[in-house]
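>>> After the sequence you'll find the predicted model.
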Amino acid sequence: MRHIDKGQRRFGAWRATIRQWLLRMVGAALLAATGAAGAQTIRVVTEDYPPYNYLRDGVVGGVSTEVVRAVLAEAGLDAQIELMPWARAYDLALHTENVLIYSITRTPARKALFKWVGQVAPSEWFLYSLRGHGLGLKTLEDAKRYRIATVYQDVGEQFLLERGFDRTRNLQSSNRYAHNYEKLKLGRVDLWIANEALADYLVREAGDDPAQQLVPELALDEMGDDGLFMAFSLKTPDALVERCRAAFERLRRAGRLPRPGSGQS
């Protein structure tokens with residue numbers, strides 16, 4: 001019996017040693033994974049799209065930017081935000097790994113193209129005409145008779161192209177949103193497709209009163225239902241995306257996400 005007891009004790013000690021070794025290996029693996037995620041380099045890209053994102057005194061600001069910064073901080077990530085033309089930012093997010101893009105509209109055509117994190121701001125879209133030049137649009141089809149100011153590859157232009165508008169006959173693309181208000185004022189276009197907050201901001205920046213200058217000819221409700229988002233490129237690891245989603249949800253549930261009118265911009 002003593003021989004059997006000694007063997008059992010020896011087996012028990014061996015089993016405890018193996019268990020401790022396995023626990024150390026699992027802990028080391030988890031620590032390595034956490035460290036790798038913490039060291040993960042991401043590239044954050046956006047455009048000049050006030051009041052959501054813009055450059056002021058050499059720093060990228062805006063209501064959407066504040067949300068993105070808050071989420072990255074909550075996730076323990078640090079990244080520089082790059083401001084560039086939308087077409088370039090969009091192309092980078094489509095084809096490059098570890099790229100975060102904002103403020104981007106989540107349309108049905110885009111849903112499978114990105115890994116979405118969360119909404120950074122609400123959004124409403126309209127086709128605007130210049131006051132005194134009202135066109136009395138009843139449907140989107142009516143707008144096909146007119147010239148419309150767009151921004152190259154942004155959601156407004158994509159929306160119109162998907163609905164049969166012709167780039168040569170109907171659309172006048174620009175790389176800057178402010179150019180489109182200038183075109184409308186000068187009569188180079190008949191309509192301007194724009195986000196309401198953006199249009200209001202740019203008209204005021206030009207020294208004009210939006211109520212006196214713009215007529216919202218047609219509300220484009222199907223464009224603004226979902227708002228503006230932050231999203232990762234498809235080549236970004238799922239673990240990193242989930243880390244940011246979890247951070248976004250923690251901030252949302254705690255009521256700590258910056259919002260328009262919260263005093264943060």
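Noted; the coordinates are in hand.
>>> Could you tell me the model confidence score at Met25?
Met25 carries a pLDDT value of 43.
>>> Ser174 now?
What the model reports for Ser174 is a pLDDT of 92.
>>> partner residues bridging it?
Note on Ser174: beta-bridge partners by DSSP bridges are Val151.
>>> just checking, it touches Gln153?
No: using C-beta atoms under 8 Å, Ser174 makes no contact with Gln153, being 11.3 Å away. Any C-beta I mention is one placed from the backbone N, CA and C, and that applies to glycine too.
>>> Could you tell me the average pLDDT over the helix or strand encompassing Ala211, please?
Applying DSSP states H and E as the criterion places Ala211 in helix 210-213. The pLDDT scores in helix 210-213 average 96.
>>> Mind listing residues that contact it?
Outside of helix 210-213, the residues within contact range by C-beta atoms under 8 Å, 6 or more residues apart in numbering are Leu130, Arg131, Lys185, Ala199, Asp200, Val203, Arg204.
>>> a markdown table for the residues you listed, including pLDDT and neighbour count?
Output for the contacts of helix 210-213, formatted as a markdown table (pLDDT from 0 to 100; neighbours: other C-beta atoms under 10 Å):
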| residue | pLDDT | neighbour count |
| --- | --- | --- |
| Leu130 | 96 | 19 |
| Arg131 | 94 | 13 |
| Lys185 | 95 | 15 |
| Ala199 | 96 | 24 |
| Asp200 | 96 | 17 |
| Val203 | 97 | 22 |
| Arg204 | 96 | 13 |
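>>> got the buried residues for the helix holding Ala211?
Of all the residues in helix 210-213, those buried under the rule 16 or more other C-beta atoms under 10 Å are Pro210, Gln213.
>>> gap between it and the chain center?
29 Å (C-alpha atoms, centre = their mean, to the nearest Å).
>>> next one: stretch 152-161
In this view, stretch 152-161 has its centroid 16 Å away from the chain centroid, taken as C-alpha atoms, centre = their mean.
>>> same question, stretch 172-189
For stretch 172-189, the separation from the chain centroid amounts to 24 Å (computed by C-alpha atoms, centre = their mean).
>>> for stretch 147-157, same thing?
On the basis of C-alpha atoms, centre = their mean, stretch 147-157 sits 18 Å off its chain's mean C-alpha point.
>>> Ok, stretch 90-110 next?
7 Å.
>>> end-to-end on it?
11 Å (C-alpha to C-alpha, to the nearest Å).
>>> Stretch 112-126 too?
Length of stretch 112-126, first residue to last, C-alpha to C-alpha: 25 Å.
>>> Need the mean per-residue confidence for that stretch.
Rounded mean pLDDT across stretch 112-126 is 96.
>>> what separates it from the chain centre, distance-wise?
With C-alpha atoms, centre = their mean as the basis, the mean position of stretch 112-126 lies at 6 Å from the chain mean.
>>> go on, stretch 68-76?
Its chain's average C-alpha position is 14 Å from that of stretch 68-76, according to C-alpha atoms, centre = their mean.
>>> Just the CA atoms of that stretch, as CSV, please.
Provided in CSV are the C-alpha atoms of stretch 68-76 (Å, rounded to 0.1, in the frame of the first residue of the first chain):
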residue,chain,number,x,y,z
VAL,A,68,-12.8,58.7,-33.2
ARG,A,69,-10.2,60.1,-30.7
ALA,A,70,-12.3,59.0,-27.8
VAL,A,71,-12.8,55.4,-29.2
LEU,A,72,-9.1,55.0,-30.0
ALA,A,73,-8.1,56.2,-26.5
GLU,A,74,-10.6,53.8,-24.9
ALA,A,75,-9.2,51.0,-27.0
GLY,A,76,-5.6,51.9,-25.9
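>>> residues making contact with it?
Here stretch 68-76 makes contact (C-beta under 8 Å, 6+ apart) with 38, 44, 78-79, 81, 100, 102, 117-118, 120, 230, 243-244, 246-248, 250-251, 256-258.
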